[in-house]
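K.L.:
just the structure for this:
(one chain, ligands or ions: 1)
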Amino acid sequence: MNDSARSETQQQVLMEVRNLKKYFPIQRGFLRQVVGHVQAVDGVNFFIREGETLGLVGESGCGKTTTGRLILRAIEPTEGDVLYRCNGNLVNVMDIPKSELKAFRREMQIIFQDPFSSLNPRMTVFDIISEPLQIHGIADTVERKDRVRDLLEAVGLKAQHMNRYPYAFSGGQRQRIGIARALALRPRLIVADEPVSALDVSVQAQVINLLEDLQHEFGLTYLFIAHDLSVVEHISDRVAVMYLGKIVELAAADELYANPLHPYTEALLSAVPRTDPDEKSKRILLPGDIPSPANPPSGCKFHPRCRYAQDVCSVQVPEWRELKENHWSACHFAEELSLTGI
Ligand code: SF4
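P.N.:
Numbering: from 1, shown residues only. Down below sits the predicted model:
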């Protein structure tokens with residue numbers, strides 16, 4: 001996103017997520033009694049400005065994919081609001097009747113993580129990319145062909161690819177087909193759910209560059225989900241770090257990487273590959289596994305793995321505070337700790 005485009009859109013919030021929760025019931029026994037809940041998303045708040053990329057980062061199982069699906073209403077939330085700016089008005093996505101969701105879904109699309117399983121092997125590339133147009137009754141067959149040709153060219157593929165099947169393509173090319181399908185309805189917001197995680201490192205950069213080019217060309221807004229900070233570093237305007245269902249830090253990308261204000265972010269940053277081999281010894285290894293969201297730790301959910309934890313951390317939930325302008329963190333000791341960035 002260039003500077004002039006950024007300044008034009010800086011004020012315009014496209015989506016605001018308020019206190020979003022998703023608790024999945026745990027059912028046991030013959031009568032399927034509810035014996036507990038998996039707190040997959042536990043009171044998440046953030047906004048996304050029009051034309052920006054918000055990176056959402058955290059380990060597997062932290063709730064980032066569930067968050068992406070909740071804002072698309074692919075699954076229903078337990079609680080919370082998702083306000084979306086449409087024709088100048090803020091619409092609460094959670095209040096849209098199911099019968100009207102189809103029209104709304106033209107605004108938001110998803111790019112899936114796995115380009116191998118997300119494309120139907122029995123469908124040609126033309127059928128895959130034109131399917132959303134068909135479902136929404138957009139364009140006749142001839143127009144659809146033109147649209148698919150344009151979309152293939154936009155993602156760096158050729159018109160003659162439209163008659164082939166997914167098996168004929170490499171992982172990177174398949175992800176390009178998935179991106180073309182996501183663009184078919186000309187959405188404004190795209191949830192990119194780990195779009196490069198399944199790809200070779202050499203191909204990852206190409207796909208990220210493509211997503212950036214498409215953002216400029218089509219004025220897209222991205223929620224870019226990834227499990228490590230190195231992937232989102234260059235594409236994100238701002239980054240939110242998620243741990244066990246909660247966002248623990250959120251700031252502009254440069255600020256978050258240079259001056260982290262949460263120990264979990266510091267640990268994730270220490271795993272970002274560096275050019276200097278001596279830096280490797282500074283990697284912070286978190287003890288233990290990520291706890292179960294069905295039985296999360298008390299107080300600060302990060303306390304069993306935090307090297308700065310004190311007694312209060314296991315008792316009191318840290319407040320979500322704006323510690324510097326537009327830099328938010330949930331840590332009792334954020335002001336006192338001197339954390340290392342990159
Ligand atoms: Fe660590 Fe305590 Fe801060 Fe949680 S509140 S991140 S346990 S220091």
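
K.L.:
show me where the protein has its strands.
P.N.:
13-28, 33-49, 53-57, 79-86, 89-92, 108-111, 189-193, 221-226, 238-243, 246-252, 321-324, 327-329 (DSSP state E).

K.L.:
packing partners of the third one?
P.N.:
In this case it means strand 53-57. When contacts are defined as 3 or more Cβ pairs under 8 Å, 6 or more residues apart in numbering; DSSP states H and E, strand 53-57 packs onto helix 64-71, strand 221-226, helix 229-232, strand 238-243. Any C-beta I mention is one placed from the backbone N, CA and C, and that applies to glycine too.

K.L.:
if we use 7 Å, what do you get?
P.N.:
Strand 53-57 makes packing contacts with strand 221-226, helix 229-232, strand 238-243 when contacts are defined by 3 or more Cβ pairs under 7 Å, 6 or more residues apart in numbering; DSSP states H and E.

K.L.:
could you tell me the least trusted of the ones you listed?
P.N.:
Least confidently modelled of the helices and strands packed on strand 53-57 is helix 229-232, at a mean of 89 by mean pLDDT.

K.L.:
who's in contact with that helix?
P.N.:
Contacts to helix 229-232, defined as Cβ atoms under 7 Å, 6 or more residues apart in numbering, come from residues 55, 57, 196, 224, 226, 239, 268, 269, 272, 273.

K.L.:
mind checking how far it is from the chain centre?
P.N.:
Offset of helix 229-232 from its chain centre (Cα atoms, centre = their mean, to the nearest Å): 12 Å.

K.L.:
so can I have JSON lines of the helices and strands packed on strand 53-57 showing mean neighbour count?
P.N.:
Converted to JSON lines, these look like this (neighbours: other Cβ atoms under 10 Å):
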{"stretch": "strand 221-226", "mean neighbour count": "26"}
{"stretch": "helix 229-232", "mean neighbour count": "22"}
{"stretch": "strand 238-243", "mean neighbour count": "25"}
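
K.L.:
ok, which of the ones you listed comes nearest the ligand?
P.N.:
strand 238-243 (8.9 Å; Cβ to the nearest ligand atom).

K.L.:
show me what that closest one is packed up against.
P.N.:
strand 53-57, strand 246-252, helix 253-258, helix 263-270.

K.L.:
what strands flank that strand, and is each parallel or antiparallel?
P.N.:
Its sheet considered, strand 238-243 pairs with strand 53-57 (parallel), strand 246-252 (antiparallel) by DSSP bridges.

K.L.:
returning to what we had before: which one among the contacts of helix 229-232 gets closest to the ligand?
P.N.:
Relative to the ligand, and with distances defined as Cβ to the nearest ligand atom, the nearest of the contacts of helix 229-232 is residue 268, at 12.6 Å.

K.L.:
you'd agree residue 94 is up against residue 83?
P.N.:
No - the pair residue 94 / residue 83 is not scored as a contact, 9.2 Å apart, by Cβ atoms under 7 Å.
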